[in-house]
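>>> any chance you could fold what I've pasted below:
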Amino acid sequence: MLLNKLQLPLCLASKSKTTLVLFLCLLMMAFQSLALQYELPFWSNKHDEKPMPDFAKITNVIQKKTAFFNYLRPFVDKENHKINTERTFLLSMQQQLVKGYHLSHAQARHIQSLAKQYQYKLASIGVKPLMGLLDKVGTIPFALVLIQAAKESGWGTSRFAREGHNFFGQWCYTKGCGLMPRSPSNHGYYEVKRFKSTQDSVIAYMHNLNVNGAYFLFRKIRSTQVARGKKPTAEQLVYGLVHYSQRRQAYIHELLHLLRENKRYLN
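As a prediction, this is how the structure comes out:
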């Protein structure tokens, strides 16, 4: 029996574990801790991806949009599935605490590792601290991810998307970490980050929205909707991206326009 990343939280949440399963849980968690400590790409996509379509050669607008969304959607769904599994584990642990149960050492360790992964200072493991962590461990509507990817990458035709798998305009600040912009910038030295795969680009983008202080409003809108028992929509969450671009409200209006204009392709 082998445990992968998605099985780990459910494994630890289970109340009935054999010695072998518990051992595998702890072993997987040890690998995860090492990855976090040394910033290894533990969550990176290690499988070969299908070649990226040459979107610039698709002249039919409907075909281009369909090809773009079909290409990116599986990567978004995969990351959302991982995040949802982590969230399910945390909710299960929270319920155990509400009922007065004690968590196992393995469960507590995994909670701590998730707190580190999501850059959340967890002073103690309790019901209220887990609520704060859960605000960061949340899925993102695929429609929002796809529309912002289309906006930032020119529907997959930008040099950064084609050469660096960067669909979201993420920057990095170490020489050689990415691709140099062709136009000079007034923002100091930066490069447009190069990713090994499209999956890695999607992971980095979604992680950024879930941990970066600039997107606190994004997470607040999401957690408010969840608390009301409603599923957050792309149209609601887009207002939390006001700091994604220096163009602020104009950028938000453009994303909303893209969401409305491409609704039929996203359903």
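
>>> pick out the residue nearest the middle of this structure.
The centroid of the chain falls nearest to Met206 when counting by CA atoms, centre = their mean (2.6 Å).

>>> quick one: that one is in a helix?
Yes: judged by DSSP: H, G, I helix; E, B strand; the rest coil, Met206 forms part of a helix.

>>> so how far is Tyr265 from Arg194?
28 Å (CB to CB, to the nearest Å). Backbone N, C-alpha and C define where each C-beta goes, glycine included.

>>> picking up where we left off before, the residue nearest to the centre of the chain contacts Ile140, doesn't it?
Yes: counting by CB atoms under 8 Å, Met206 touches Ile140, with 5.5 Å between them.

>>> shared neighbours, the two?
Residues touching both Met206 and Ile140 by CB atoms under 8 Å, 6 or more residues apart in numbering: 76, 80.

>>> what's the pLDDT at Asn80?
Asn80 is assigned 98 on the pLDDT scale.

>>> is it true that it touches Ile140?
Yes: counting by CB under 8 Å, Ile140 is a contact partner of Asn80 at 6.8 Å.

>>> more neighbours: which of these two?
With neighbours defined as other CB atoms under 10 Å, Asn80 and Ile140 compare such that Ile140 has more, 22 against 18.

>>> how far away is the more buried one from Ile147?
Distance, Ile140 to Ile147, using CB to CB: 11 Å.

>>> longest helix of the chain?
helix 61-98 (DSSP state H).

>>> and the next helix or strand past that one?
Going down the chain from helix 61-98, the next helix or strand is helix 105-117, by DSSP states H and E.

>>> which elements pack onto that next one?
helix 7-13, helix 19-37, helix 61-98, helix 127-134 (3 or more CB pairs under 8 Å, 6 or more residues apart in numbering; DSSP states H and E).

>>> switch the cut-off to 7 Å
helix 7-13, helix 19-37, helix 61-98 (3 or more CB pairs under 7 Å, 6 or more residues apart in numbering; DSSP states H and E).

>>> tell me what angle that helix forms with helix 127-134.
Angle, helix 105-117 to helix 127-134, by axes from the mean of the first three to the mean of the last three CA atoms, to 10 degrees: 50 degrees.

>>> may I see the buried residues of helix 105-117?
Residues of helix 105-117 classed as buried by neighbour count (16 or more other CB atoms under 10 Å): 106-107, 109-111, 113-115, 117.

>>> just the CA trace of it, in PDB.
C-alpha atoms of helix 105-117 as PDB (Å, rounded to 0.1, in the frame of the first residue of the first chain):
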ATOM      1  CA  HIS A 105       1.100  13.400  17.500                       C
ATOM      2  CA  ALA A 106       1.000  12.600  13.700                       C
ATOM      3  CA  GLN A 107      -2.200  14.700  13.300                       C
ATOM      4  CA  ALA A 108      -0.700  17.600  15.200                       C
ATOM      5  CA  ARG A 109       2.500  17.500  13.200                       C
ATOM      6  CA  HIS A 110       0.600  17.500   9.900                       C
ATOM      7  CA  ILE A 111      -1.400  20.500  11.100                       C
ATOM      8  CA  GLN A 112       1.900  22.300  11.900                       C
ATOM      9  CA  SER A 113       3.300  21.400   8.500                       C
ATOM     10  CA  LEU A 114       0.200  22.800   6.800                       C
ATOM     11  CA  ALA A 115       0.500  26.000   8.800                       C
ATOM     12  CA  LYS A 116       4.100  26.400   7.600                       C
ATOM     13  CA  GLN A 117       3.100  25.700   4.000                       C
END
